[in-house]
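> Coordinates only, no sequence provided:
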């Protein structure tokens, strides 16, 4: 079975400060990892993915994530937070090859204070 | 270029009724996946359609069924509605192939009374 844990329901950060949203995963074999963002009354929007290659993945809107195989983590980061980054963030994992079925975390609400 | 569109946006049904939700994928996409997102939870995979056939299915009962049409649009049908079926239903489209990015619609909010 595969699973995703987002240990923080909410992350608060001041505008201009760096932000981190945590994600750990469990999957048999090699993982495909994804981050999505959801704004109110909107569907999920893709931010970035890790399939293979460099452990540091750069995505949309200045976000990046680091794949750490030994810690089975894929934390989302941004050097300088904006108020407009306030939203719900979801981490997802699926096993490379075979079944497509992805597993999403419960989501982390990011609140950026002016 | 229209993204993924879903209809209706909101729906209210009573227990035991049946419902059909519709999805038009992003232009050029051939694969449609459906998800259920309960309040305060992440999306849960229901099933995926490709070439008009169900390719993968998550842990959902047979009350949940779907269809994909030749133009790649899709429907999600839920029979014998339960209160617990109340959720946001998301459709996502992509190109076939591993690791391809999914594009999500805004969802249909289903309330079962």
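Received the coordinates, thanks. Not measured: the values here are computed from a predicted model.
> Can you tell me the closest non-neighbouring residue to the residue nearest the centre of chain B?
Relative to the mean C-alpha position of chain B, the nearest C-alpha, by Cα atoms, centre = their mean, is the one of residue B:34, at 3.1 Å. Leaving aside its chain neighbours, residue B:34 sits nearest to residue B:46 (4.3 Å; criterion: Cβ to Cβ, 6 or more residues apart in numbering or on different chains). Where you see a C-beta, it was placed from the backbone N, CA and C, and this is true even at glycine.
> circling back to that earlier point, how much space between the residue nearest to the centre of chain B and residue B:26?
15 Å (Cβ to Cβ, to the nearest Å).
> Same check on residue A:31?
Here the distance between residue A:31 and residue B:26 works out to 25 Å (Cβ to Cβ).
> Which of those two has more residues huddled nearby?
Looking at residue A:31 and residue B:26 with other Cβ atoms under 10 Å in any protein chain shown, you find the greater number of neighbours at residue A:31, namely 23 against 20.
> rewinding a little: would the residue nearest to residue B:34 count as being in a helix?
No - the assignment for residue B:46 is strand, going by DSSP: H, G, I helix; E, B strand; the rest coil, so no helix is present there.
> how about it, what does it touch?
Taking Cβ atoms under 8 Å, 6 or more residues apart in numbering or on different chains as the criterion, residue B:46 is in contact with B:33-36, B:57-58, B:60, B:64, B:66, B:76.
> just checking, which of those belong to strands?
B:33-36, B:57, B:64, B:66, B:76 (DSSP state E).
> Could you turn the buried ones of those residues into a PyMOL selection?
Once 16 or more other Cβ atoms under 10 Å in any protein chain shown is used to decide burial, the buried members of those can be selected in PyMOL as follows:
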select buried, chain B and resi 33+34+35+36+64+66+76
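> Chain A contacts on chain B?
Contact residues of chain B with respect to chain A, defined by Cβ under 8 Å from any Cβ of the partner chain, are listed as B:4, B:40-45, B:48, B:55-56, B:58, B:90, B:92, B:98-99, B:101-107.
> Tell me what residue 93 is bridged to.
The chain I'm using is chain A. For residue A:93, the beta-bridge assignment (DSSP bridges) gives partners residue A:33, residue A:103.
> Can you look at chain B instead?
residue B:32, residue B:103.
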